[in-house]
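Enquirer: Kindly return the folded structure for what I paste below:
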Amino acid sequence: MDNTANRPILTVLDDGHRCSTGRAAMTCHYKCGNACAQDAPNVSDNPYFGDVLGAAFSRRGLLRAGTVITAAGLASTALGAAPVAATSARTRAVPGHTPGLGFKPVPPNTLDQVTIPPGFVQDVVIRWGDPLFEGAPKFDLHNQTPSAQKQQFGYNNDFLGLMPLERGKKLMVINHEYTSDSIMFPDYDEENPTEQQVKTSWAAHGLSVVAVKEVSGSGNLKPIVGHPLNRRFHTRTEFELTGPVRGSKYVRTKEDPDGTTVLATLNNCAGGLTQWGTWLTGEENFNQYFANAESVTDPVEAARLARYGIVGGESQRKWERFDDRFDIAKEPNEPNRFGWIVEVDPYDPTSTPKKRTALGRFKHEAAQPRVTADGHVAVYMGDDERFDYFYKFVSAKKLATGTSRRARRHNATLLDEGTLYVAQFNGDSPPAEIDGTGTLPADEEFDGSGRWIPLVSGSESFIDGMNANEVLLFTRQAADRVGATKMDRPEDVEPSPKTGTVYIALTNNTDRGAAGKPGVDEANPRKANKSGHVIELVERQNDSGAKTFKWQIFLVCGDPDDPSTYFGGYDKSDVSPISCPDNVTFDPHGNLWISTDGNAIGSNDGLFGVAVEGDFRGRTKQFLTVPVGAETCGPHVDRRRVLVCVQHPGETDDATFENPGSSWPGGGSRVPRPAVVAVWKQDADR
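Expert: As a prediction, the model looks like this:
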């Protein structure tokens with residue numbers, strides 16, 4: 001029976017919001033709380049450093065004049081960093097292909113399926129609702145319960161990591177970022193969700209640890225139901241606050257007067273795997289879950305909430321009706337307990353996951369570690385918001401090698417003390433040459449130098465008027481004060497395991513250059529940036545502990561026929577269109593793989609392989625596309641398989657549970673189910 005005629009239309013559709021990057025309004029509604037329909041929270045007067053200095057202080061101007069500027073440390077940054085490989089506007093096209101990228105590109109399309117290259121096969125590894133534990137009830141769309149969902153694979157899988165187990169088995173770790181309630185539940189009323197629906201959504205958020213086994217004769221993986229390492233983390237799971245903020249007055253609540261234990265991790269987007277065998281996962285758009293910020297009358301506290309996008313009265317999900325934790329009028333500190341990097345030990349099924357407060361609090365997309373030259377650990381992090389910043393944390397302790405009990409105990413506290421930095425990107429071209437159209441400057445590349453500005457180290461704050469705890473809790477406001485560069489939504493980040501070069505996915509920012517908004521700069525060179533770009537960053541002497549770096553834009557994404565696009569200098573007639581880069585990873589050959597989120601050029605989202613070195617540098621090839629309304633997440637690429645998370649299939653503006661926007665993966669008239677997909681080539685490794 002079709003009940004849609006009697007059901008309220010989504011508020012997001014009533015307000016006329018349409019995302020200019022191709023993302024469905026329903027996705028904006030559920031994924032980020034309509035962030036792009038609101039003013040960006042960064043309203044600070046934080047000028048871009050290169051604009052302040054002007055063209056006379058460009059790198060070439062400094063060298064010609066023989067000038068050394070020491071006040072801001074620019075000279076050491078410009079002259080001392082390791083070189084980034086030069087590119088040119090001259091295009092390259094050569095026969096053949098890069099190892100690992102020998103597939104025939106998938107053309108852009110809008111098919112309701114996972115489309116893969118000829119010669120490859122695919123299968124679903126696990127779907128929303130599939131059992132993880134012995135005795136888990138069979139998935140029943142029409143009778144979803146919190147207790148059942150806690151025993152089943154969660155909703156809207158995002159980050160995916162594959163970790164080693166005994167021969168023929170792997171441990172798969174996955175985020176469940178959010179729920180799409182109106183296409184998830186029958187008879188869902190946006191204004192009046194039932195208690196059972198809300199509590200089932202609580203259980204569908206969070207994380208999963210799933211043991212999987214390799215299927216003989218293929219690249220497929222199958223879950224091992226009941227494996228002792230299988231776990232589900234959800235909104236009633238305990239997470240421990242560790243590091244400097246633990247016990248702070250800002251994180252104490254009625255339920256947790258000591259400020260040490262948080263129930264839930266929320267809106268977990270991307271993540272990373274550590275060199276010591278743990279999993280890092282980032283809490284991103286946590287602001288949308290909290291209600292009644294308008295009840296806060298203290299101007300300092302109100303400004304702190306607003307800087308994270310926490311404003312207004314009732315929340316769109318109405319969780320505050322069923323748990324006071326989500327009502328700021330009743331629990332004003334609860335939002336401060338989210339927005340952290342969470343560390344999980346998947347190999348210990350009794351372990352409590354840790355929220356590592358030394359890494360700062362913001363809308364974390366991901367966290368990727370790399371060992372410094374002297375044995376410490378650097379963790380790179382993006383803050384996924386328009387005009388927000390790119391960060392690095394360097395541990396105070398060195399990484400202990402080996403798997404002894406002593407080494408494990410040491411590494412278990414590695415991320416609890418260190419120095420948190422924010423990045424400043426300085427262009428080397430005169431500002432007049434960065435005109436917002438994407439036209440390359442005279443030196444034929446968007447590039448320059450940069451420095452890491454320290455914010456806090458242990459108990460020492462480097463921000464006047466803010467103590468160390470305040471810097472870590474209100475990190476955005478600390479970074480506002482020091483001249484950090486406002487970026488176009490820095491999302492996932494990945495250091496190349498082959499070269500150490502750090503790749504940053506900047507998804508988009510249609511507000512760039514708009515009236516009253518920050519203008520273009522060389523690191524963010526396009527006005528109304530609908531399709532995003534990818535930056536390469538190389539630190540001084542290729543050391544992740546360095547204080548300076550060089551950078552250049554590797555890809556300026558979009559339709560290759562658009563003159564503003566750039567593909568590492570490669571021939572644009574021989575590349576796939578790509579829009580809104582989101583998650584990134586590397587394959588064993590050293591190629592960069594990019595998944596997309598929101599497509600401003602009219603195709604379904606996809607996964608792309610890109611050569612970063614050699615004659616094919618910049619050649620971008622689409623490996624797959626995902627179904628209607630879906631986002632490509634994950635991904636994982638090894639010699640045997642490609643794994644992607646198909647997130648929010650069928651999330652289209654007119655979709656409901658009764659009238660789904662996609663039938664993937666079941667086909668027919670079935671409700672779509674987010675899932676993990678494996679793709680492999682049976683006859684040979686690529």
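Enquirer: Which residue ranges of the stretch 101-250 of the chain form strands?
Expert: All strands of the stretch 101-250 of the chain, identified by DSSP state E, counting those that start in this stretch, fall at 121-127, 157-164, 169-176, 206-214, 221-223, 231-233, 238-242.
Enquirer: how about CSV for the ones you listed, with distance to V679 and mean pLDDT added?
Expert: In this view, the C-beta of every residue, glycine as well, is placed from N, C-alpha and C. Shown next, in CSV, are the strands of the stretch 101-250 of the chain (distance: least, CB to CB, whole Å; pLDDT from 0 to 100):
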stretch, distance to V679, mean pLDDT
strand 121-127, 5, 98
strand 157-164, 13, 98
strand 169-176, 15, 98
strand 206-214, 14, 98
strand 221-223, 11, 98
strand 231-233, 26, 98
strand 238-242, 34, 98
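Enquirer: Take those and lay them out in CSV including distance to F608.
Expert: Below are the strands of the stretch 101-250 of the chain laid out as CSV (distance: least, CB to CB, whole Å):
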stretch, distance to F608
strand 121-127, 17
strand 157-164, 17
strand 169-176, 21
strand 206-214, 25
strand 221-223, 23
strand 231-233, 31
strand 238-242, 34
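Enquirer: could I get the ones you listed as CSV with mean neighbour count and distance to R325?
Expert: Converted to CSV, these look like this (neighbours: other CB atoms under 10 Å; distance: least, CB to CB, whole Å):
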stretch, mean neighbour count, distance to R325
strand 121-127, 19, 30
strand 157-164, 22, 23
strand 169-176, 24, 19
strand 206-214, 22, 15
strand 221-223, 19, 32
strand 231-233, 23, 16
strand 238-242, 19, 13
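Enquirer: so which of those comes closest to E470?
Expert: E470 sits nearest to strand 238-242 of all these, at 15.7 Å, using CB to CB.
Enquirer: neighbours around K254, how many?
Expert: For K254, the neighbour count with other CB atoms under 10 Å is 11.
Enquirer: Am I right that it is in contact with N333?
Expert: No: at 9.5 Å, K254 does not count as touching N333 under the criterion of CB atoms under 8 Å.
Enquirer: dump the residue contacts of Y503.
Expert: Applying CB atoms under 8 Å, 6 or more residues apart in numbering, we find Y503 in contact with V493, E494, P495, S496, V534, I535, E536, L537, F554, V584, L592, V612.
Enquirer: what about 10 Å?
Expert: 368, 380, 492-496, 534-537, 554-555, 581, 584-586, 592, 594, 610, 612 (CB atoms under 10 Å, 6 or more residues apart in numbering).
Enquirer: Check N599 and give its pLDDT.
Expert: Per-residue confidence (pLDDT) for N599: 83.
Enquirer: Could you give the number of residues near it?
Expert: 24.
Enquirer: Ok, Q275 next?
Expert: The number of residues packed near Q275 is 13, by other CB under 10 Å.
Enquirer: cool, and I341?
Expert: By other CB under 10 Å, 26 other residues sit near I341.
Enquirer: So in terms of bridging, what pairs with it?
Expert: Applying DSSP bridges to I341 gives these bridge partners: G282, R356.
Enquirer: right, and it touches M381 too?
Expert: Yes: using CB atoms under 10 Å, I341 is in contact with M381, at 7.0 Å.
Enquirer: Quick check: neighbours shared by these two?
Expert: Shared contacts of I341 and M381, defined by CB under 10 Å, 6+ apart, are found at G272, L280, G282, L359, G360, F362, H364, A366, A367, F393.
Enquirer: Strands along the stretch 451-600 of the chain, start to end?
Expert: With strands called from DSSP E, counting those that start in this stretch, the stretch 451-600 of the chain shows them at 460-461, 487-488, 490-495, 502-506, 533-539, 548-556, 566-567, 581-586, 592-596.
Enquirer: would you turn the ones you listed into TSV with mean pLDDT and distance to P228?
Expert: Listed next are those as TSV, based on pLDDT from 0 to 100; distance: least, CB to CB, whole Å:
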stretch	mean pLDDT	distance to P228
strand 460-461	98	43
strand 487-488	98	43
strand 490-495	97	31
strand 502-506	98	36
strand 533-539	98	40
strand 548-556	98	43
strand 566-567	98	47
strand 581-586	97	28
strand 592-596	98	31
